[in-house]
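Chemist: A predicted structure for the sequence below; I have some questions about it.
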Amino acid sequence: MKIKIAVIGAGLSGLNSARILSERAKVVVFEAQRVGGMLSSYCRDNYCIETFYHHFFENDTYLINTLKELNLSGKIKWKYVKVGQEYGEKIYSLTTPLEILKYPGMNFLEKLKLIKLVLSAKRREFNEYDEIGVIDGILNEAGKELFEKFFLPLLRSKFGENYREVSYAWLLARMKLRSNRNFKGEKLGYLRHGFWQMIERLAENVEIRNERAKISKFGKWKVNGESFDVIIFTAPIPELDLNIRNSLGLPKIRYQSSICMLIGMKDSFSDIYWINYSSTSFGATIEHTNFMPIEDYGEHIMYVASYTTPEKIESIRDEMLIDLKRVYLKELERFGLDTRNVKWSEIFKAKYSGPIYERGYMKNIPDYRIHDGFYIAGMNTLDNYPERSMNGSLLSGKKVADLIIKDFSL
Ligand SMILES: Cc1cc2nc3c(=O)[nH]c(=O)nc-3n(C[C@H](O)[C@H](O)[C@H](O)COP(=O)(O)OP(=O)(O)OC[C@H]3O[C@@H](n4cnc5c(N)ncnc54)[C@H](O)[C@@H]3O)c2cc1C
């Protein structure tokens, strides 16, 4: 008789493990909200686009191979994009070596120090720095000026006010992973016309129930009262009942939350894809149509992204989101956005959008196999360090599926 597996969450990790295991076991996926999870899309009349900005990198090989397997590799589009930074209420492109050299936000010596730090990150064992805070690490090695002028805006745009808790290991690992830029900028990939196509294909032969899963254990594992031999948990750990969490010995992992405004515009805001800000309540703008062709959408599209805490997100009621939109648009006017150009706007939020990579995080990363038929895939696994990614989530789903195939001789 086939074993019964419950997968909690229909994001990339849940869908990928379910897709692989469905051939060998009875698999049911439980999804509390939307199939696709963090990679869900929002649809206008003539196109669909991710509610949160998404792109991938050349070293995301498992994702690229999965797209091939799903017959979607013909839709992969690569492009060198421009990145920028606000300084003194102005936006500067920091894409080419010449632009970086001319950037007035740092002096020549500070730029040299920065290059030295980036190069040294490539050679370091970053896990040795897991207990050191990012602020102490930078102040120690790069100094106060460079911290304030360069790292602080980046950390704020990535973690909001949670940046103070982040480990130096995370920064070094991140620099190691993302320092392969050339003089044209950073090469990014996207699935032309949207990642919803990948979600649809991953979900094709998978049984999905639109139910919030409540897990219990009475001898066997139960999900919403139904017995299962195996649980694959891919949702954020705080979503798991505290008693179960404690009985499995899972660590307390803190999360950050995301708020993303998406706007449709008659004209382009700038020619830069990704801009970090230092004087606004949001952290970055990501102009999607500076990456993908405007013909695919018939209008210019831009994300306005910020990170906050689950406590703050909970206190934001839906009517307050309208005020937030106004605040973001007003702030963007200072950088040249003509709000008469904005055709529509939508705001999306996620309470647990990623773990905070705080001091000591690495030793808390759970194994894939926890205990007695309980497995973990998704954002908390090693595949998603130092950055949660589509590649990491898909890969964790594959690793857990392979482990279960071996453990149960499927
Ligand atoms: C703002 C933002 C930008 C990003 N940008 C990029 C990018 O550019 N490139 C990149 O590679 N990655 C990016 N990511 C990361 C990427 O989206 C995620 O790593 C990936 O989609 C996570 O997949 P997952 O399956 O691990 O988790 P999730 O997508 O979070 O899936 C978990 C699912 O579990 C469901 N769930 C929760 N509780 C329950 C319950 N009790 N019962 C049933 N279901 C439950 C949730 O609704 C969710 O659908 C970004 C993420 C965010 C938030």
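Modeler: Cool, the structure landed.

Chemist: going forward, measure contacts between C-alpha atoms and count neighbours the same way
Modeler: Will do.

Chemist: list the contacts for Cys216?
Modeler: Just to correct that, residue 216 is Ser rather than Cys. Contact analysis of Ser216 by Cα atoms under 8 Å, 6 or more residues apart in numbering lists 222-223, 225, 244.

Chemist: so what's Ser73 closest to, chain neighbours aside?
Modeler: What sits nearest to Ser73 in space, not counting adjacent residues and going by Cα to Cα, 6 or more residues apart in numbering, is Leu67, at 5.3 Å.

Chemist: contacts for the helix or strand the one you found falls within, please.
Modeler: For Leu67, the host element (DSSP states H and E) is helix 61-69. Contact with helix 61-69 is made by 73, 198, 390-391, 394-395, as judged by Cα under 8 Å, 6+ apart.

Chemist: quick check on the residues you listed: which are buried?
Modeler: Burial by neighbour count, 16 or more other Cα atoms under 10 Å: within the contacts of helix 61-69 this picks out 198, 390-391, 394-395.

Chemist: would you mind giving those as a markdown table with secondary structure added?
Modeler: Output for the buried ones among the contacts of helix 61-69, formatted as a markdown table (DSSP: H, G, I helix; E, B strand; the rest coil):
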| residue | secondary structure |
| --- | --- |
| Met198 | helix |
| Met390 | helix |
| Asn391 | helix |
| Leu394 | helix |
| Leu395 | helix |
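
Chemist: which of those are close to the ligand?
Modeler: Counting by Cα under 6 Å from any ligand atom, 390-391 from the buried ones among the contacts of helix 61-69 sit close to the ligand.

Chemist: any idea of the mean pLDDT in stretch 127-146?
Modeler: Per-region confidence: stretch 127-146 scores 91 on mean pLDDT.

Chemist: in it, what's buried?
Modeler: Buried, per 16+ other Cα under 10 Å, within stretch 127-146: 127, 129-138, 142, 146.

Chemist: end-to-end on stretch 66-79?
Modeler: End-to-end span of stretch 66-79 (Cα to Cα, to the nearest Å): 20 Å.

Chemist: report the buried residues of it.
Modeler: For stretch 66-79, burial by neighbour count (16+ other Cα under 10 Å) applies to 66-67, 72, 78.

Chemist: Three-state assignment for the nearest residue to Leu410 once chain neighbours are set aside, please.
Modeler: Counting by Cα to Cα, 6+ apart, Leu410 lies nearest to Arg24, which is 6.1 Å off, once chain neighbours are set aside. Under three-state DSSP, Arg24 falls in the coil class.

Chemist: ok, Arg24 - how many residues close by?
Modeler: Using other Cα atoms under 10 Å, Arg24 has 14 neighbouring residues.

Chemist: cool, and the one 3 residues further on?
Modeler: For Val27, the count of nearby residues is 25 (other Cα under 10 Å).

Chemist: surely it forms part of a helix?
Modeler: No - the assignment for Val27, made by three-state DSSP, is strand rather than a helix.

Chemist: the closest residue to Leu329 other than its chain neighbours and Leu332: what is the separation?
Modeler: Using Cα to Cα, 6+ apart and skipping the chain neighbours, the partner closest in space to Leu329 is Thr339 (6.9 Å). In this view, Thr339 and Leu332 are 9 Å apart by Cα to Cα.

Chemist: what pLDDT does the model give the residue nearest to Leu410?
Modeler: 95.

Chemist: now it: how far from the ligand?
Modeler: 21 Å (Cα to the nearest ligand atom, to the nearest Å).

Chemist: that residue against Lys2, yeah?
Modeler: Yes - using Cα atoms under 8 Å, Arg24 makes contact with Lys2 at a distance of 7.4 Å.

Chemist: contact residues of the stretch 301-410 of the chain facing the ligand?
Modeler: Contact residues (Cα under 6 Å from any ligand atom) of the stretch 301-410 of the chain with the ligand: 353, 378-379, 388-391, 393.

Chemist: so which of those residues are in strands?
Modeler: Among those, the ones falling in strands (DSSP state E) are Ser353.

Chemist: what's the per-residue pLDDT of Arg178 here?
Modeler: For Arg178, the pLDDT comes out at 68.

Chemist: same thing with Leu329?
Modeler: Leu329 is given a pLDDT of 97.

Chemist: from the ligand, how far off is it?
Modeler: 19 Å.

Chemist: quick check, that residue in contact with Arg340.
Modeler: No - contact criterion Cα under 8 Å: Leu329 and Arg340 do not qualify, at 10.5 Å.

Chemist: which one's more surrounded, these two?
Modeler: Higher neighbour count among Leu329 and Arg340: Leu329, with 19 against 8, using other Cα under 10 Å.

Chemist: for burial, what's the neighbour tally of the residue nearest to Leu329?
Modeler: Using other Cα under 10 Å, Thr339 has 13 neighbouring residues.

Chemist: repeat for the one 10 residues further on
Modeler: Residue neighbour count, defined by other Cα under 10 Å, stands at 20 for Lys349.

Chemist: tell me the bridge partners for it.
Modeler: Beta-bridge partners recorded for Lys349 (DSSP bridges): Ile259.

Chemist: isn't it right up against Leu262?
Modeler: No - in terms of Cα under 8 Å, Lys349 does not count as a neighbour of Leu262; the distance is 11.1 Å.

Chemist: the stretch 301-410 of the chain: strands as residue ranges?
Modeler: 342-355, 369-371, 374-376 (DSSP state E, counting those that start in this stretch).

Chemist: let me know which of those is the nearest to Arg317.
Modeler: strand 342-355 (11.1 Å; Cα to Cα).

Chemist: check which helices and strands that closest one is in contact with.
Modeler: The contact analysis (3 or more Cα pairs under 8 Å, 6 or more residues apart in numbering; DSSP states H and E) places strand 342-355 against strand 255-265, helix 310-315, helix 318-333.

Chemist: residues in contact with the residue nearest to Ile208 when sequence neighbours are not counted?
Modeler: Once flanking residues are discounted, Ile208 sits nearest to Val29: 4.6 Å by Cα to Cα, 6+ apart. Counting by Cα under 8 Å, 6+ apart, Val29 makes contact with 6-10, 14-15, 18, 206-209.

Chemist: mind redoing it with 10 Å?
Modeler: 5-11, 14-15, 17-18, 35, 203, 206-211, 213, 232 (Cα atoms under 10 Å, 6 or more residues apart in numbering).
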